[in-house]
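>>> Sequence first, predicted coordinates after that:
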Amino acid sequence: MTILAIESSCDDTSAAVMVGGEIRSNVVATQQVHEQYGGVVPELASRAHQQHLIPVVDAALQKAGISKNDLDAVAFTQGPGLLGSLLVGGMFAKTLALALGKPLIAVNHMRAHILAHFIEAPRPAFPFLCLTVSGGHTQLVVVRSALDMEIIGQTTDDAAGEAFDKTGKLLGLPYPAGPHLDKLARQGNPKRFAFPVGTMPGYDFSFSGLKTAVLYFLKKEMAQNSDFIQENLPDLCASIQHTIIQTLLRQLRRAAHDQGLTQVALAGGVAANSGLRQALQDEAEAQGWQVFIPAFQFCTDNAGMVAMTAHFQYQAGDFANQLVSSDPRLKLT
Ligand code: ATP
Ligand code: FE
C-alpha cells in the first residue's frame, strides 16, 4: 500500500511517501518569512504553502522513486491548524485524489503527532500515555489504539511551546524562541530564579501565570539595572525552562500513576527540548517507566506522521470523500 501524505496545518509545507508502513521520503519546506514578524502571519503562510506545495510533493515522490500512478491513497491534514493553510493542502489532496481516482484520507494533526511514534523503532505498545507538547497544544492522552484515544488533560491557556516562545520573547530572543532558550539554558543555573509552577486540578495545565510572573519580574529588575537580562540570560533561560518542565512532569507523573501506565511517550515540537528529554529520562528511572521520544524530524510538523496515521486509517477503512472540509478546530476524539 503506497500513500502520499500532505501536511500544511501551520507554517511548514511537507509531503511524505509511505510504502507498506515504511517511510520512503519526508520532505519539509520551512517558511522563513514569519521570523521578521515574531510569529506566524496566517495569510503569508497560505501563500507560501501555495508556492511550496508542488515542488515539495514532486521532491517527495522523486525521493521515494514513486510515480503518481503508483499511489493507493492520498492523505492530508484536515485540522486543527490555520484555516487558510489547511485549505491549501486539503484542496490539493482532494484534487489529486479525484484526478487519480484514488481514495482520500483526512487526518487529524494531533493524532498524527502521537502516531509519529510508530514510524521507527522503538515503538510503544498499546495502551500508553502520551504527552503532546507543541506550538499550539499541550495534551495528556491515553492511547488505547491507533484510532482510540482519550484526552485526559490539556492546557487551559497557553501551550508549552507558547510558554517557551512568549517568555523567550520577553528576554529578547528571536522567534520561535524555544530552541534559543533551550540552548542558553544549558549554560545556566535552573535554581537561580524561582517562578511559579502552574497548578491545575486533574491533569490540566496552565502556563499564563508563568508568563505574567516573568514579565513583572523582568520589569522590576530592569528598573534597577537595565542590563539585567543581558547579564543573567543563561540563568533566566534555565530557570524558566526548569519551571515549564516541572509543570509538565507534575501532571504527567500523576496521570501515569492514576492510569497505571508505565509506557510514557513524548510528542510535538517541544519534545526537542534537551532539558525536557533529560528530565523525562531521569523520571523514567525513578518511576520505572519506559520512555519513547520520536526522532526530531518526526516531532515537529511533518507529513511522515500524517502518512503513518493514514496507514492505520486505510487499514481500518476510514476514508473521506470530496465533501470533507478543513476544520481549524478539529477535535482529537
Ligand atoms: P500544533 O501541532 O499544536 O498545531 P505546531 O505544529 O506549530 O503546533 P510544533 O512544530 O510541534 O508546533 O512545535 C513548535 C514549537 O516547539 C514552538 O513553540 C517552538 O518554540 C517549540 N520548540 C522547538 N524546539 C524546541 C526546543 N528545543 N525547546 C523548547 N521548545 C522548542
Ligand atoms: Fe503540529
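Looks like it arrived, so ask away. Just so we're clear, the structure is a prediction, and the values are computed from it rather than from any experiment. Ligands and ions are numbered 1, 2, ... in the order given.

>>> any idea which residue of this structure is furthest from its center?
When each C-alpha in the chain is compared with the mean C-alpha position (CA atoms, centre = their mean), Gln224 comes out farthest, at 38.7 Å.

>>> now that residue: how far from ligand 1?
Per CB to the nearest ligand atom, to the nearest Å, Gln224 is found 29 Å from ligand 1. No exception for glycine: its C-beta is placed from N, CA and C like everyone else's.

>>> change the start of the numbering to 266 and stick with it
Sure, I'll start numbering at 266, so the last one becomes Gln489.

>>> Could you measure from Lys333 over to ligand 2?
26 Å (CB to the ion, to the nearest Å).

>>> part of a strand, is Gln404?
Yes: Gln404: assigned to a strand according to DSSP: H, G, I helix; E, B strand; the rest coil.

>>> State the number of residues packed around it.
Gln404 has 25 neighbouring residues, counting by other CB atoms under 10 Å.

>>> Repeat that for Thr420.
Thr420 is flanked by 23 other residues according to other CB under 10 Å.

>>> What does it show for phi and psi?
Main-chain torsions, Thr420, degrees, to the nearest 10: phi -80, psi 150.

>>> doesn't Ser473 make contact with it?
No: Thr420 lies out of contact with Ser473 (CB atoms under 8 Å); the separation is 9.1 Å.

>>> ranges for the strands of this protein?
267-272, 277-284, 287-295, 338-344, 369-373, 393-398, 403-410, 413-419, 528-532, 555-557 (DSSP state E).

>>> Let's have the ones you listed in TSV, adding mean pLDDT and distance to Cys564.
Output for the strands of the chain, formatted as TSV (pLDDT from 0 to 100; distance: least, CB to CB, whole Å):
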stretch	mean pLDDT	distance to Cys564
strand 267-272	98	13
strand 277-284	98	12
strand 287-295	97	12
strand 338-344	98	16
strand 369-373	98	17
strand 393-398	98	9
strand 403-410	98	14
strand 413-419	98	18
strand 528-532	98	7
strand 555-557	98	11
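
>>> The helix ranked longest in the chain relative to strand 403-410, how many degrees between them?
For the chain, the helix with the greatest residue count under DSSP state H is helix 493-524. Per axes from the mean of the first three to the mean of the last three CA atoms, to 10 degrees, the angle that helix 493-524 makes with strand 403-410 is 30 degrees.

>>> Distance from the chain centre to helix 493-524, please.
18 Å (CA atoms, centre = their mean, to the nearest Å).

>>> what helices or strands is that helix leaning on?
On a contact count with 3 or more CB pairs under 8 Å, 6 or more residues apart in numbering; DSSP states H and E, helix 493-524 meets strand 393-398, strand 403-410, strand 413-419, helix 425-435, helix 442-450, helix 473-489, helix 539-552.
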